[in-house]
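*Asks:* Next input, structure requested:
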Amino acid sequence: FERIRSDSRCPLDVVCVRAGEAVIDVSLAASQGSVEVRQMRTDAAGSRIEYADHTIELTGLAPYPRSTQQIDPRDYLATFIVTRP
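*Replies:* Residues are numbered from 1 along each chain as shown. As a prediction, the model looks like this:
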């Protein structure tokens, strides 16, 4: 997980019309291969990517936004499930 690109998720303490999403950059590299940066999203359509015979799914991004608190980009923690068919 390289960095948070954007986070428009609806804060926990607010009622929103739209849930929003977060977008992150991940760096991927097969053994002896070059590094490829890809984007992943917290919405269902963008939370799964395929790379080098693996499926990588973004299953969580913490902390969740609050309207009264700014999140330092260094505080984000992404959780993934990596599977191989």
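*Asks:* wait, what's in contact with the residue nearest to residue 29 when sequence neighbours are not counted?
*Replies:* Distances taken as C-beta to C-beta, 6 or more residues apart in numbering place residue 35 nearest to residue 29, at 4.6 Å, with adjacent residues excluded. Every residue, glycine included, has its C-beta placed from N, CA and C. Residue 35 makes contacts with 27-29, as judged by C-beta atoms under 8 Å, 6 or more residues apart in numbering.
*Asks:* mind redoing it with 10 Å?
*Replies:* 2, 27-29 (C-beta atoms under 10 Å, 6 or more residues apart in numbering).
*Asks:* Compare these and tell me which has the most neighbours.
*Replies:* Most neighbours among the contacts of residue 35, by other C-beta atoms under 10 Å: residue 28, with 15 neighbours.
*Asks:* what is it paired to in the beta sheet?
*Replies:* Counting by DSSP bridges, residue 28 is bridged to residue 36.
*Asks:* isn't residue 12 right next to residue 65, touching?
*Replies:* Yes. In this structure residue 12 lies within contact range of residue 65 using C-beta atoms under 10 Å: 7.0 Å.
*Asks:* quick one, which of those two is more surrounded?
*Replies:* More crowded of residue 12 and residue 65, by other C-beta under 10 Å: residue 65, with 18 against 11.
*Asks:* hang on, that one packs against residue 9?
*Replies:* Yes. In this structure, residue 65 is within contact of residue 9 by C-beta under 10 Å, at 5.4 Å.
*Asks:* hang on, the earlier thing: closest to residue 18 out of the contacts of residue 35?
*Replies:* residue 2 (26.1 Å; C-beta to C-beta).
*Asks:* Would you mind confirming that the closest one is in contact with residue 24?
*Replies:* Yes. Residue 2 is in contact with residue 24 according to C-beta under 10 Å; the separation is 7.4 Å.
*Asks:* where do the contact lists of the two overlap?
*Replies:* Between them, residue 2 and residue 24 share the contacting residues 38, 78, judged by C-beta under 10 Å, 6+ apart.
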